[in-house]
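> Need a 3D model of the sequence below.
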Amino acid sequence: MPCYSARRTGVLIAADPAGRAGTMRTFWSTQNEQVYSAALLTDFDLDRTVRPPLEINSVFSGAAFGVVIPVEAALDELLSHVSFRLDPAWVNYYRAADLTENQQLLLLREVLGTMAFDMPMILALFLLFAAKGGLQRRAADLERLNRARRRLGKHALLEHIEVRAPIAAGCQSPVPLAADANRRRGPRLHHVRGHIARRGDTVFWRVPHLRGSARLGVVRSRTVQLSFR
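Predicted coordinates:
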């Protein structure tokens, strides 16, 4: 399946009146305004387990299957309420291609890798929408750290605001963010994704990089492994 540079992405959700069961279709557009629909459909039912085992031959005949993430218990529990299946049009297309079982498995891994986490991300977004009034904002007091950095000729740390969406009512952090920032030892060596940052009126892009000290520990991998089931 070719890889396209997405310009816009979205999902179309067809759900029951309660919104707890339905089907989700992912789609995206490219720079030349061509629109593509994902080969897989996502079925979900938040009230019961719907994770059928993987049978590769059946999948390419339209059967549903699920995935497991043994090392991430929370995500694995959520994905037990989700199953995937090929769109009927794609079933016909792949059947006509007469793929070998190995080709089918490689293809399935490719298309699943682009959308396996769509459902968790959508649910997280819905949670934020529903909790607009319940979000907690805390600004870090970095003045002490920045004074030390300026003495060393380093740039001041950027403003840092932490936003939380507590599930339990009245949930409060035991340690204020400012106090925690001033007494922390420092981070372990870890990967930092590329991100947009702002200093005053200037907005700039931070490329992916390593941050922290290897003496305090090392985050060796940022890979999450998906297993078929």
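> What's the local residue count around residue 190?
14 (other Cβ atoms under 10 Å). Bear in mind the C-beta positions are built from the backbone N, C-alpha and C, glycine included.
> from memory residue 203 sits against residue 197, does it?
Yes: here residue 203 reaches residue 197: they are 7.5 Å apart, a contact under Cβ atoms under 8 Å.
> Domain-wise, how is the chain divided?
Following automatic domain parsing, one finds the domains of the chain at 6-129, 133-184, 186-221.
> ranking the ones you listed by burial, who's on top?
domain 6-129 (a mean of 15; mean count of other Cβ atoms under 10 Å).
> Could you pull up the mean pLDDT of that domain?
For domain 6-129, mean pLDDT is 87.
> okay, which residue of this structure is out on the far edge from center?
Distance to the chain centre peaks in the chain at residue 151, reaching 38.9 Å (criterion: Cα atoms, centre = their mean).
> Distance-wise, check that residue relative to residue 144.
Residue 151 sits 11 Å away from residue 144, going by Cβ to Cβ, to the nearest Å.
> what touches both of those two?
Shared contacts of residue 151 and residue 144, defined by Cβ atoms under 8 Å, 6 or more residues apart in numbering, are not found at any residue.
> Can you show me the helices along the protein?
56-59, 73-79, 88-97, 101-113, 118-130, 143-151, 177-183 (DSSP state H).
> export these to a markdown table and tack on distance to residue 25?
What follows is the helices of the chain, written out as a markdown table (distance: least, Cβ to Cβ, whole Å):
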| stretch | distance to residue 25 |
| --- | --- |
| helix 56-59 | 17 |
| helix 73-79 | 18 |
| helix 88-97 | 12 |
| helix 101-113 | 13 |
| helix 118-130 | 10 |
| helix 143-151 | 47 |
| helix 177-183 | 40 |
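> Please name whichever of the ones you listed is nearest to residue 21.
Proximity to residue 21 (Cβ to Cβ) singles out helix 118-130 among the helices of the chain, at 12.3 Å.
> ok, and what's touching the closest one?
Against helix 118-130 from outside (Cβ under 8 Å, 6+ apart): 11, 13, 24, 26, 42, 44, 75, 78-79, 82, 135, 165.
> which one of those residues is nearest residue 96?
Taking the contacts of helix 118-130 together and measuring to residue 96 by Cβ to Cβ, the closest member is residue 26, at 23.2 Å.
> Perfect, I'm done here.
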